[in-house]
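Peer 1: A structural model of the following input is requested.
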Amino acid sequence: MEMFADPAVWLPWTFAALMGLSILIYVVLDGFDLGVGLLMPLANDTEKDMLVASIGPFWDANETWLVLAIGILLVAFPPAHGVILTALYLPVFVMLIGLILRGVSFELRAKAPPSQKWLWNAAFFGGSLMAAMSQGFMLGMYVMGLGWTPLNVAFAALTTVFLTVGYSFLGATWLILKTGGALQGHAIRWARGGIWGLVLGIGAISLATPFVSARIFDKWFGVPEIFYLSPMPILSAALIGFLWWKLRRIPRRNDAWSWSPFVAATALFVLAFGGMAYSFYPYVVPEQITIFEAASAPESLLIILIGTLFVLPAIIGYTVLSYYIFRGKATELSYE
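Peer 2: Here you go, the predicted structure:
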């Protein structure tokens, strides 16, 4: 507690926690709507409309968390912002193009004549694919230390595939929650097929991370740390088992438990993110710059914190209000 009495300690820690929370919320919320976009080629024309309707009220609120996370990185940790975005300039550029494609196609597909609707459906899928793959590549490069070596790029290519599959699985569980009838049945089959990609992705990242550095290895396999952390892989395995079991027993009468696959998948993402945060703390640039070295002056952070106390509740309120108003099953999306 004495250490956290120093503003040069607790302010960087606070902003690192806020940035991590923003990234986690973005990965879960925008992860499922990117995943829904990735499933577009598997749906028929009527189902495509319902896929878009299921995320229509939420997608722009979801992406607000990405803006917040990047904003915190820029103003609170400017040296880290420069290092990370310089190393990841190309995948960030691809991600932004993908997000722009998604936004444009989302709006225009509902207004385009039927003969052109296929083009905007393809753009929506393409934008979702570009955003998901670029995020997977950035994740892999970050885990490996941001160096552009053949080994790092190969691992990043692997995480690109796994995160994309993981997002599509999360999207399928969202559709199980938000839709019914034939589309819900299709979503259940898509989720059954995608669960193994999610398992492989979490396994690959979890196994690779401790071997990135001796410091991280000791944080996971030292004594008594290994005993304190053992519940995390056990709980992850239990959630995977629950998902495998539950996806073979839904839908049920009155759509009971249709929410459980999405909640379990979200919990898996939270555990994986928590493991990564534990591994890399206190570094914001892996093995190069700590959050304390990268932080702005305490005076600047204090001013930024005051602004954050106004901005963050507004973002939370906007997000909660969107999900509350549009709770329940998705209905046809119309601009008329």
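
Peer 1: number of nearby residues for residue 237?
Peer 2: Applying other CB atoms under 10 Å, we find 11 other residues in the vicinity of residue 237. In short, each C-beta sits where N, CA and C put it, glycine included.

Peer 1: is it true that it lies in a helix?
Peer 2: Yes. Counting by DSSP: H, G, I helix; E, B strand; the rest coil, residue 237 is part of a helix.

Peer 1: May I have the phi/psi pair for residue 330?
Peer 2: Dihedral pair for residue 330: phi -70, psi 150, per degrees, to the nearest 10.

Peer 1: hang on, I meant residue 272
Peer 2: According to degrees, to the nearest 10, residue 272 has phi -60, psi -40.

Peer 1: isn't it right next to residue 206, touching?
Peer 2: Yes. Between residue 272 and residue 206 there is a contact at 7.1 Å, judged by CB atoms under 8 Å.

Peer 1: Looking at the two, which is more packed in?
Peer 2: Neighbour count, other CB under 10 Å: between residue 272 and residue 206, residue 272 has more, with 22 against 18.

Peer 1: which ones are touching that one?
Peer 2: Contact partners of residue 272, counting by CB atoms under 8 Å, 6 or more residues apart in numbering, are 202, 205-206, 236.

Peer 1: Doesn't residue 331 lie inside a helix?
Peer 2: No. Under three-state DSSP, residue 331 sits outside any helix and is assigned coil.

Peer 1: State the number of residues packed around the closest residue to it other than its chain neighbours.
Peer 2: Spatial nearest neighbour of residue 331, chain neighbours left out: residue 53 (6.5 Å); criterion: CB to CB, 6 or more residues apart in numbering. Residues near residue 53, counting by other CB under 10 Å, number 18.

Peer 1: Show the residue spans covered by the strands in this structure.
Peer 2: Secondary structure of the chain, counting by DSSP state E: strands at 283-285, 289-290.

Peer 1: now those strands as TSV including distance to residue 106, mean neighbour count and mean pLDDT?
Peer 2: Formatted as TSV, the strands of the chain follow (distance: least, CB to CB, whole Å; neighbours: other CB atoms under 10 Å; pLDDT from 0 to 100):
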stretch	distance to residue 106	mean neighbour count	mean pLDDT
strand 283-285	33	23	91
strand 289-290	37	18	92
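
Peer 1: Ok, which of those comes nearest residue 62?
Peer 2: Closest to residue 62 of the strands of the chain is strand 283-285 (CB to CB; 23.7 Å).

Peer 1: Show me how far the closest one is from its chain's centre.
Peer 2: The chain centroid and the centroid of strand 283-285 are separated by 19 Å under CA atoms, centre = their mean, to the nearest Å.

Peer 1: Adjacent strands (with direction) for that strand?
Peer 2: When pairing is defined by DSSP bridges, strand 283-285 lines up against strand 289-290 (antiparallel).

Peer 1: Just give me the neighbour total for the residue nearest to residue 104 when sequence neighbours are not counted.
Peer 2: In space, and not counting its chain neighbours, residue 104 is closest to residue 123: 7.1 Å by CB to CB, 6+ apart. If you count neighbours by other CB under 10 Å, residue 123 ends up with 18.
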